[in-house]
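1. need a 3D model of the following:
(one chain, ligands or ions: 1)
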Amino acid sequence: MLVNSKKMLLKAKKQNQVVFQFNINNLEWTKCILEECEALKVPVILGVSESAIKYMGGYNVVSALVFSLVSDLEIKTDVCLHLDHGSSVESCRLAIEAGFNSVMIDMSKKPLQENIEIVKEVVELAKNQDVSVEAEIGSMGKITGSNLEIGTNTKKEDCMYFVSETKIDSVAAAVGTVHGIYRGKLNIDYDLIKDLASSLKVPLVLHGGSGLSLEVLKKCRDAGITKININSDIQEAWSKSVKEYLKENKEVIDPRKVIGSGFQAIKDVVREKININK
Ligand code: 13P
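-> Residues are numbered from 1 along each chain as shown. Sure, this is the predicted structure:
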């Protein structure tokens, strides 16, 4: 069933469990993630970035694709279609109009008050639409190639003020993770996570879940993270699998065989992450 993320995340927060957001890129990605979450009987958030939306053809293509797969594959588990890192109110509006169940507005690079004002506009848009809103505060790190940009962790007082002013449904706070696969040692501030999670009524979101060991993911959950976003780990696993397949099967031209050679890798990553809740 298609739902917004509010109820699933509040339930998970109460039970000290994590709901994963897995980012999707195409039909095959979506199908694999849906099938695996259905098999495991767990709710899932399908995150779509603006660049993935552009790649797939547009907001309506993405929602039609997700809604059709949920229907034709007879997916019974809760599924939330979520705009990841919306960069403008307009982008959130287009997602909501296309039927997305949830949007993230990311104005974290703006000064706090400006961030709040823009987030409020999106909350207003989502009101009465059965759409949940996530927003970000603080600045996350980023790894591109070997270049690591360190972010600035969110301050607790700012985060409390941000949530109470904007009335968002979940908050992405910078706590020391980075977007992309970083295998070095990260300074995740577990005390900050604990402090935020116990003070906030809304669920706390961890961006940049890739490259973190299962132990670290569990520690984040135990400290109070409710939603973990995973993108790069699936991309890496799929690419590795396809490259190996092509090395062994140079004559294959059927795209279903080429793309499909990475399906199990996608499903394995999804299952491995979800199993931290066991
Ligand atoms: P990773 O690429 O590190 O998994 O981050 C994903 C993410 O946070 C999407 O919003």
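2. residues near V42, how many?
-> 21 (other CB atoms under 10 Å). In short, each C-beta sits where N, CA and C put it, glycine included.
3. now name the helix or strand holding the nearest residue to it once chain neighbours are set aside.
-> Leaving out its chain neighbours, the residue that sits closest to V42 by CB to CB, 6 or more residues apart in numbering is I274, at 5.5 Å. According to DSSP states H and E, I274 maps onto helix 263-274.
4. kindly report the same for A39.
-> helix 27-40.
5. could you do V133 as well?
-> Here V133 is assigned to strand 132-137, by DSSP H and E.
6. how far out from the middle of the chain is that strand?
-> 11 Å (CA atoms, centre = their mean, to the nearest Å).
7. is that strand in proximity to the ligand?
-> No. Strand 132-137 stays clear of the ligand (CB under 6 Å from any ligand atom), getting no nearer than 9.2 Å.
8. parallel or antiparallel, which strands does that strand pair with?
-> strand 102-105 (parallel), strand 170-173 (parallel) (DSSP bridges).
9. using PDB, write out every CA atom in it.
-> What follows is strand 132-137, C-alpha atoms only, in PDB (Å, rounded to 0.1, in the frame of the first residue of the first chain):
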ATOM      1  CA  SER A 132       4.900  14.000   4.800                       C
ATOM      2  CA  VAL A 133       7.700  16.500   4.900                       C
ATOM      3  CA  GLU A 134      11.400  16.000   5.800                       C
ATOM      4  CA  ALA A 135      13.900  18.800   6.000                       C
ATOM      5  CA  GLU A 136      17.600  19.100   6.800                       C
ATOM      6  CA  ILE A 137      19.600  21.300   9.200                       C
END
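10. in terms of secondary structure, what does the helix or strand just after that strand contact?
-> Once strand 132-137 ends, the next helix or strand along the chain (criterion: DSSP H and E) is strand 141-144. Strand 141-144 is packed against strand 147-149, strand 178-179, with contacts defined by 3 or more CB pairs under 8 Å, 6 or more residues apart in numbering; DSSP states H and E.
11. for strand 141-144, which positions count as buried?
-> G141, I143 (16 or more other CB atoms under 10 Å).
12. partners of that strand in the sheet?
-> strand 147-149 (antiparallel), strand 178-179 (parallel).
13. is the ligand contacted by the longest one?
-> No. Under the criterion of CB under 6 Å from any ligand atom, strand 147-149 makes no contact with the ligand; the nearest approach is 12.5 Å.
14. ok, residues contacting that strand?
-> G141, K142, I143, V178, Y182, G184 (CB atoms under 8 Å, 6 or more residues apart in numbering).
15. what distance do you get for the most far-flung residue of the chain relative to its centre to the ligand?
-> Most distant residue from the mean C-alpha position of the chain: E251, 36.5 Å away (CA atoms, centre = their mean). Note on E251: its distance to the ligand, by CB to the nearest ligand atom, to the nearest Å, is 33 Å.
16. my guess is that residue is in a helix, correct?
-> No. Under DSSP: H, G, I helix; E, B strand; the rest coil, E251 falls outside any helix and is assigned coil.
17. phi, psi of G47?
-> phi -90, psi 140 (degrees, to the nearest 10).
18. out of the strands paired with strand 132-137, nearest to K218?
-> strand 170-173 (18.9 Å; CB to CB).
19. what's the mean pLDDT across that closest one?
-> Throughout strand 170-173, pLDDT has a mean value of 98.
20. got JSON lines for the strands paired with strand 132-137, with distance to D78 and mean neighbour count too?
-> JSON lines is the format used below for the strands paired with strand 132-137 (distance: least, CB to CB, whole Å; neighbours: other CB atoms under 10 Å):
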{"stretch": "strand 102-105", "distance to D78": "12", "mean neighbour count": "29"}
{"stretch": "strand 170-173", "distance to D78": "15", "mean neighbour count": "25"}
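21. alright, I will stop here.
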